[in-house]
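Novice: here is the input, now give the coordinates:
(chains A and B)
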Amino acid sequence: MSRSNADLLQGTLGLLILKALAGQELHGYGIARWIERATGDVLAIQEGSLYPALRRLEDRGLITSRWALSENNRRARYYALTPAGREHLREDAAVWLRYADAVTRVLRADPAIV
Amino acid sequence: MAETPRWRRYLRFWGADPDADIEDELRFHIEMREQEYLAAGFSPEEARRRAVERLGDLDEVRAWLRRHDWKKQKRAARVRSAGDLLQDVRYGVRKLWQEPGFSAAVIAVLALGIGATAAMFSVVDAVLLRPLPFEQDERLVMLERVDVPLRFEGESFPKSAPDVTDLDSLRGVFSSHAAYAPGSLNLTGAGSPVRVNVTLVTPSFFTTLGVRPALGRPFTPEEGEPGGPRVAMLSHGLWLRQFGADPGVLERTVELNGVRYRVVGVMPHGFAFPAETELWTPLPVPFTFDYWEPFRMYMPSHVIARLAPGVTREQAGDRLLALVNAYREARPAGSGSDERIAAADLVRPLRDFLVSQRRTALLVLMGATALMLLIACANVANLLLSRSATRRREIAVRAALGATPGRIMRQLLVESLVLSLAGAALGIAIAYAATGALDALLPAGLVGVAPPRVDARVLAFTLIVGVLAGVASGVWPGLGAFRADANEAIKTGGPVGGTARGAARLRRVLVSGELALALVLLVGAGVMLRSFLALLATDPGVRPERVATLELTLARATYGNLAARRQFYEAVLERLYATPGIEAAGVVNELPLKGRRGVALSVHAAGKPAPSRDEMVFAHYVTVTPDYFRALGIPLLRGRTLAPAVDSAGPGEVVIDEALAERLWPGEDPVGQRLVLPNEDPRTVVGVVGNVLSKALDDAEVVPQMYLSLEERAPSYAAIVARGNLPEGALMRRLRDAVRAVDSSQAVYNVRTMEQVIAHAIAPRRATTTLITVFGAVALLLASIGVYAVVAFSVAQRTREIGIRMAMGARGNDVLRLVLREGAALAVAGAAAGLLGAWMLARVLAGMVYGVSPRDPVAFVLAPAVLIAIALLASLLPARRATRVDPVEAIRVE
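Specialist: Sure thing, here's the model as predicted:
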C-alpha cells in the first residue's frame, strides 16, 4: 500500500462516491442523497466539488457514466462502479478503516500512558 | 438559470455536445434538490435559492466541467481518428497483399517515375538550388574584364583594361576579391609522380570564399608578392591520397615540376574549387613569367569578388563599367574594339558563371522526368480504376453498412498512398543508385564543387512527390466511389449504369493523355537523337580510329632548354617507330577536339596590305612534328608537310589549313606564298591540310589554324599521338612504354584513344540525349501498358457483345478490327494532342540541338508513327483474345 494518508484524506470524497456506487447505479444527486442518508444527515458533502470528483474518478477508470431515464422519467447521467473501481474501494476502505481505528484508539487512550 | 437554446439539442445528432450535457446534469441536480425542499415545505423561490446555494459557486463548477469535458472529447476524437486511419492502412495493406501482382506492377511503375524524378531533382538541387559550399554564396560574383597585371623580365605590360589592383579603389563595392588561374602540374616528392590540378590563387582567395583550411593556415599577403616564398595548400583528397592523411604534412615540401613548395595547409573535405583543384599555390600580383613557366599551358585567369554589404550586383556592375570605360577612353584612338559592354555582363553571379548553359539542359531533363511521372501516375490511376470497377460490390457493401462516402474515399486514398509511398521508397533506392551516373550532367564548373547527393532535401522532395502521386492517382477511383449507387451494385453484383460508363470514359481520357505526354517526350528524344547523330556525323577533320594519345609536361629542371626537349620528343618518336604495329606518330602542343580553344594570333599574307582592325584574320597556333598529320589522319591537300629537321637559322616554314588558305589567298595556290605572323619574319607556306575542329565537334565557329614545326619551339607541355594497327589497349600501352623507356621518371596523363578524346568533349550532350531517349522509351512503354489495360478491360466487359456478334456471323477479322479500332482511336487522339504539345514545347530545345531544327520534321513524323504502331501492338494482344471468344460460353455467362 503506497498511498500516503494525506492522499487518503483528500480522496475521502472519492471514497464516499465509490462506496455509494458499490450497491447501485446512481446519478449525481442520488450519490449526494445516499451519502447524506448513510451518515444520518450528519455529513453533507460539498456539492460543488461532487461533479469534478466524479469526472476525476471517471478519468481514472474507476467509474463509468451513461445517460438514462431517472425514476421520474427524466434524462439523467448515471454513474456505475467499474471492476477497477470496486477493487480500489476495497483497498482504500481497508486503509481508511485501519487509520480511523488508530486515530480512535489514540483519542480514547489514557493520557497517563507513557 | 438560463434556458439552453433549443437548437443545441440538434448538435447531438453530430456527436456529443459536452456543454449541453453539463447543463442537463446540473439542472437535473438542482431540480431534484428543489423538489426536496418543496416537499419540506419551503416556498418555491426559497426552495430554488437553497438548491442552487448548495452547489456552491455554480459558474465555477460549470466552467471547470466544460474545460474538462471539451479536452476529453478532443482527445477521444484524436484517438478515434488515428485508430480509424490505422485501420484503413491495415485494411489497405491486407487488400494489396492479396493481389501481389497488381501491387508490384503499380509500385514498380511509380518507383520508376518517382525514382527518375528524385534522381533528376538531386542534380537540379545540387546545381541550381542548394547553396554552394561557400559562405553566403549568393554574395559572390565573377568579374569580367579585370586582368591580372603581368610583368615580363622586370617590365610591366601596358594596361588597356582594369586589373585586380584597381579593385582596391572599389573597396566599398566589393568587400574582398581574389584572382585565380587553374592549370595542372606534375607532383613529385610524394610517391610516384602524378599529374595534379593546380590553381594559382591570390592570398585573399580563401577568405573571399569564406572557407578556412582544415589544417594549417591560409596564404599570407607576403606569399602573394612576386618572389615571395613558394608555398602550397593541399586539397583534402590529395592529402589523403598522396600523404596518407599525415598531419605532419605541414612544413613538408612537395615538388611541382621540379620546383619545391612548402605545404602550409590542407583545405576541408569537399573543397575543390575551382575545376577539381587538388593543390593551390599563390598567384603573385603582378604575375611574372617564372610563375607561369612550369605550367606552359593556357591558363585563363578569373576574378571572383564578394559584394560589400548592401551593394547590389547592378550597382557593382555600374561601378565596374565606369572603371572599364575609363581605360577604354584613355587608350589611343583606333586600338582595341569598341563593342558595347553591358554592366550586367561584367558582374555575374558565381552560380551563373559555373552553371553556364547547362541550366536549360537540366531543366529540360527535369521537365522530362516530370512528364514521365505524370504518365506513371495516369497509368496507376488507370490500374486503380479498373481495380475499383471489380471492387464496386465490396465498396457498395461497405457503404450499405454505414461507411460514409468520405470514409470510403479515404480508404481508397489510403490504399493508393500506401502504393505510392512504397514506390517512393523504391524510387529513393533508384535515385541513390543513379547519383554516381549523373555526374556527366554536371556543368564542368561544378564538378567537385557541388556533387549531387540523396540528402534530406531530396528525401523530403521524394516524400512530397510520393504523396502527390498517390493522391493524383488515387482520387479518380475515389470519386467513382462517391457516385456509386450502392443498391444497384449490390443487386447486380457488377458494374452497372452511368458510373461504369463514366469510369470507362475517364480511363480512355487518361490513356490518351498518357499517349500525348509520351509523344511529347518521344518527339523531344527524337530531336535530340537526330541532333546527336548530326554531331557524330560531323567530320572532325581527323580520323580518330586506331589512334592513341597521351599528354605530358616536361619538368623545367631536367628539360629547361630547347635542345633537351627536342631530344626527348625525337627519342620518343624514334622508339615508337621502332615498335611493330605503329604506323605513324607525332607530337603536338595542343590536341584538337579537347573542348578547349588554344591561342590564336593575327596573321596576314605577305605582299598584301595589312588588313584593317575589322578584317584581321586570327589563326590558331599549333606546333607539330612532320608526321602529326599522318598520325591523326589530317589530309594533306597541297604541297608537303613540314621539313623533318629545321635548321633554326633557316627560313621558317608553315603549313596552313584550308580555312586559312581561303581567307588569305582565295582562288590562289597558297603553297609558296609567305605568311606574316606578329613579331617575326614571314614564313613560307609549304602545304595545305584539311580543316580540323579545334575545340569540339559542336563548335560552331571555325577558327583557321596554322601549323609550325615543333622543332623550332619544342614546348614543355605536349601530346603524343600514335596511329597503329593494334588493339586499343596495346596501342595505349606502347605509347606509355615509349615515354617510360626514354625517361622513366616522366609522368604522363590522359592516356586515351582519340575517340575517347572526342567523346569526352561531347559527353554532356551524350548524357542529355541518352537520358531523354531513355525517358521517351520508358514513357512509351508505360503508355502502351496503359493502352493494353484499357483495351483488355474493354474486351473483358464486352465479351458478351462479342459473343453475340460472332453468333450472328462476325468473323475473327471483324472482331479484331473492332477491338483494334478502339486502340487506334486512343492512339490517334493521344498523338494529335501530343504533337500539338511537342510543337509548342520545341522552343525549349532550341539552345540544345546541333545541326537540326528543334522542330525536326523527321522526329515529328517518326515519333507519332512509332507511338501509333506501339499502341496498335498493345491492343493486338487483347484483340487476339477477343477473336477466340466462344459465342456459346460468352452468352451463357451472367
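Novice: now the strands for the stretch 101-250 of chain B?
Specialist: B:140-143, B:150-152, B:155-156, B:174-188, B:194-201, B:215-216, B:231-234 (DSSP state E, counting those that start in this stretch).
Novice: B:I408 is nearest to which of those?
Specialist: Comparison of the strands of the stretch 101-250 of chain B against B:I408 by C-beta to C-beta identifies strand B:140-143 as nearest, at 55.4 Å. C-beta coordinates here come from the backbone N, C-alpha and C atoms, glycine included.
Novice: by contact count, what packs against the closest one?
Specialist: Using 3 or more C-beta pairs under 8 Å, 6 or more residues apart in numbering or on different chains; DSSP states H and E as the contact test, the elements touching strand B:140-143 are strand B:302-307, helix B:313-330, strand B:347-349, helix B:350-355.
Novice: any idea how far B:A518 lies from B:V787?
Specialist: Separation of B:A518 from B:V787 (C-beta to C-beta, to the nearest Å): 10 Å.
Novice: ditto for B:D166
Specialist: B:D166 is 67 Å from B:V787, by C-beta to C-beta.
Novice: contacts only, for residue 85.
Specialist: No chain in the question, so chain A it is. Shown in contact with A:G85 (C-beta atoms under 8 Å, 6 or more residues apart in numbering or on different chains): A:L18, A:L21, A:L57, A:G61, A:L62, A:I63.
Novice: hmm, no, I was thinking of chain B.
Specialist: By C-beta under 8 Å, 6+ apart, the residues touching B:L85 are B:R410, B:V414.
Novice: element containing it?
Specialist: Using DSSP states H and E, B:L85 sits in helix B:58-97.
Novice: so which bits of that helix are buried?
Specialist: Neighbour-count burial for helix B:58-97 flags B:V61, B:R62, B:W64, B:L65, B:H68, B:D69, B:D88, B:G92, B:V93, B:K95, B:L96 (criterion: 16 or more other C-beta atoms under 10 Å in any protein chain shown).
Novice: now do stretch A:32-48
Specialist: For stretch A:32-48, by 16+ other C-beta under 10 Å, it's A:A32, A:R33, A:W34, A:I35, A:I45, A:E47.
Novice: ok so, going back, mean neighbour count, the helices and strands packed on strand B:140-143: which tops it?
Specialist: Ranked by mean neighbour count, the helices and strands packed on strand B:140-143 are led by strand B:302-307 with a mean of 23 (mean count of other C-beta atoms under 10 Å in any protein chain shown).
Novice: now the strands for chain A?
Specialist: Listed in chain order, the strands of chain A (DSSP state E) span A:26-27, A:63-69, A:75-81.
Novice: quick one: closest of these to B:V686.
Specialist: In terms of C-beta to C-beta, the element of those nearest to B:V686 is strand A:63-69, at 111.2 Å.
Novice: so how far is the closest one off the chain centroid?
Specialist: Offset of strand A:63-69 from its chain centre (C-alpha atoms, centre = their mean, to the nearest Å): 18 Å.
Novice: on that earlier part again, of all pairs in the contacts of A:G85, which one is the farthest apart?
Specialist: Spatially, the most separated pair among the contacts of A:G85 is A:L21 and A:G61, at 13.6 Å (C-beta to C-beta).
Novice: the two - which one has more neighbours?
Specialist: Higher neighbour count among A:L21 and A:G61: A:L21, with 26 against 12, using other C-beta atoms under 10 Å in any protein chain shown.
Novice: so what's the more buried one up against?
Specialist: Listed by C-beta under 8 Å, 6+ apart, the contact partners of A:L21 are A:I31, A:I63, A:Y79, A:A80, A:L81, A:G85.
Novice: okay, it: pLDDT?
Specialist: At A:L21, the predicted lDDT confidence score is 91.
Novice: circling back to that earlier point, which one among the contacts of A:G85 gets closest to B:M409?
Specialist: Nearest member of those to B:M409, counting by C-beta to C-beta, is A:G61, at 35.5 Å.
Novice: more neighbours, B:D166 and B:V787?
Specialist: Taking other C-beta under 10 Å, B:D166 and B:V787 do not tie; B:V787 has more neighbours (30 against 18).
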